[in-house]
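Novice: what follows is a predicted protein model with its sequence.
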Amino acid sequence: MPATTTGKNLMLDALKGTNPAAPITHVGLLTKGPNKSITSTGSPDTFTSTSHGFSNGDIVVLSGLTGGAGLVAGDPYFVIGVTTNTFQLALTSGGSAIDATSDVTAGTANKLTELSGGSPAYARVAITFAAAAGGVLDDSTNGAVINVPAGGVVDYVGGWSASTAGTLQVIDDVAQESFAGQGTYTVTDFKITAST
């Protein structure tokens, strides 16, 4: 059911307020790990990927899916139920395993890892938002400049509920940028759009 613009604005304003209890307060950067080929079976789905290296709680994104009608390529999922060659996915950290509604016969999973290290050290940057308008929540701080360590690769920008730990609330893929030496990454505009 599509939301009206007023409804979208109310949903988005909640992300910067006290409901939910973990609003978006900081912006940070993530890098995408190597491609891991996946297949899945069962209900809820168990994914197979030989020596995948994932741990419970890892954030992954999927791409190139054949099957898996209930999955959305590019959306973040949380790894649960890890064994050496299998894992399951949840919509929330520590949540219940999801059913993809049809088996995945081919696809790719990539782990997302927040950057760390450097001098000056990488750290999330505080961000505030103006009131939602037209179904868009836009930062009122005109972006953020974030330290990136030498060797860092930026693939995603994320919004968290705290300066450390906290809950990852939103992610967006960006054009990959690699840093040979210490540098900074500028998020020029941080917008969240309500699509339904």
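Specialist: Structure's in. What do you need?
Novice: would you mind writing the CA trace of stretch 91-106 as PDB?
Specialist: Only the C-alpha atoms of stretch 91-106 are listed here, as PDB (Å, rounded to 0.1, in the frame of the first residue of the first chain):
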ATOM      1  CA  LEU A  91      16.300  -9.000   8.200                       C
ATOM      2  CA  THR A  92      17.500  -7.700  11.500                       C
ATOM      3  CA  SER A  93      20.700  -8.400  13.600                       C
ATOM      4  CA  GLY A  94      20.000 -11.700  15.500                       C
ATOM      5  CA  GLY A  95      16.600 -12.000  13.900                       C
ATOM      6  CA  SER A  96      14.900 -15.100  12.600                       C
ATOM      7  CA  ALA A  97      16.000 -16.800   9.400                       C
ATOM      8  CA  ILE A  98      14.100 -15.700   6.300                       C
ATOM      9  CA  ASP A  99      12.400 -17.700   3.600                       C
ATOM     10  CA  ALA A 100      13.400 -16.600   0.100                       C
ATOM     11  CA  THR A 101      10.100 -18.200  -1.200                       C
ATOM     12  CA  SER A 102      12.100 -20.000  -3.900                       C
ATOM     13  CA  ASP A 103      15.500 -21.500  -3.800                       C
ATOM     14  CA  VAL A 104      18.600 -19.500  -5.000                       C
ATOM     15  CA  THR A 105      20.200 -21.600  -7.700                       C
ATOM     16  CA  ALA A 106      23.000 -19.000  -8.300                       C
END
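Novice: what pLDDT, on average, does that stretch get?
Specialist: Taken as a whole, stretch 91-106 carries a mean pLDDT of 92.
Novice: check stretch 167-181 too.
Specialist: Here the average pLDDT along stretch 167-181 is 94.
Novice: show me where this structure has its helices.
Specialist: Counting by DSSP state H, one finds helices in the chain at the ranges 5-14.
Novice: in it, what secondary structure element scores lowest on mean pLDDT?
Specialist: Least confident helix or strand, the chain: helix 5-14 with a mean of 74, by mean pLDDT, DSSP states H and E.
Novice: can you mark which positions in it are buried?
Specialist: Lys8, Asn9, Met11, Leu12, Asp13 (16 or more other Cβ atoms under 10 Å). Every residue, glycine included, has its C-beta placed from N, CA and C.
Novice: among the residues you listed, which two are most distant?
Specialist: Lys8 and Asp13 (9.6 Å; Cβ to Cβ).
Novice: which residues of the protein score low on pLDDT?
Specialist: 1-5, 18-21, 196 (pLDDT under 70).
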